[in-house]
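Asker: here is a sequence with its predicted model. Questions after.
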Amino acid sequence: MKAIWNDTVIAESDDTVVVENNHYFPANSIKKEYFKNSDWHTTCPWKGVASYYTITVDGEENKDAAWYYPEVSELARTIKGRIAFWKGVQIEK
């Protein structure tokens, strides 16, 4: 699977986990040069507190377009150490 934004592959892996229709990529599959920590956090009742990354490609910024759970609940252990995308990031085979 590939995560693509602004015509650039920002993550690629054969080992994604799908939860609630989102592909969670292993953390080591992202191209770190495009990712910057965000101050944004949200809470999911069953997964825990999510942290976000802002993605920047060719000078264009996609704020809070990737998320992950630094600490996951036991119910969400399959996504520990994984990152998912939204806000126009395309997921393709």
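Answerer: Yep, it's here.
Asker: is Y69 in contact with R77, as I believe?
Answerer: No. Counting by Cβ atoms under 8 Å, Y69 stays clear of R77, with 10.0 Å between them. Just so you know, the C-beta spots here come from the backbone N, C-alpha and C atoms, and that holds for glycine as well.
Asker: compare those two (neighbour count), which wins?
Answerer: Using other Cβ atoms under 10 Å as the criterion, Y69 and R77 rank with Y69 on top: 20 against 10.
Asker: and the closest residue to that one other than its chain neighbours, how far is that from D14?
Answerer: Leaving aside its sequence neighbours, Y69 sits nearest to G48 (Cβ to Cβ, 6 or more residues apart in numbering; 5.0 Å). To D14, G48 is 26 Å away according to Cβ to Cβ, to the nearest Å.
Asker: what bridges to the nearest residue to K63 once chain neighbours are set aside?
Answerer: In this structure, K63 finds its nearest non-sequential neighbour in T54, 4.9 Å apart by Cβ to Cβ, 6+ apart. The partner list for T54 in beta bridges (DSSP bridges) reads K36.
Asker: T54 reaches D64, doesn't it?
Answerer: Yes. Between T54 and D64 a contact is recorded at 6.1 Å, counting by Cβ under 8 Å.
Asker: which residues are in contact with each of the two?
Answerer: S38 (Cβ atoms under 8 Å, 6 or more residues apart in numbering).
Asker: tell me the helices and strands packed up against the helix or strand Y24 falls within.
Answerer: Take DSSP states H and E as the rule and Y24 turns out to sit in strand 22-26. Contact partners of strand 22-26 among helices and strands, from 3 or more Cβ pairs under 8 Å, 6 or more residues apart in numbering; DSSP states H and E: strand 17-19, strand 82-85.
Asker: of all the ones you listed, which one comes closest to A27?
Answerer: A27 lies closest to strand 82-85 among the helices and strands packed on strand 22-26, at 5.9 Å (Cβ to Cβ).
Asker: which secondary structure elements does that closest one sit against?
Answerer: Looks like strand 82-85 contacts strand 22-26, strand 60-68 (3+ Cβ pairs under 8 Å, 6+ apart).
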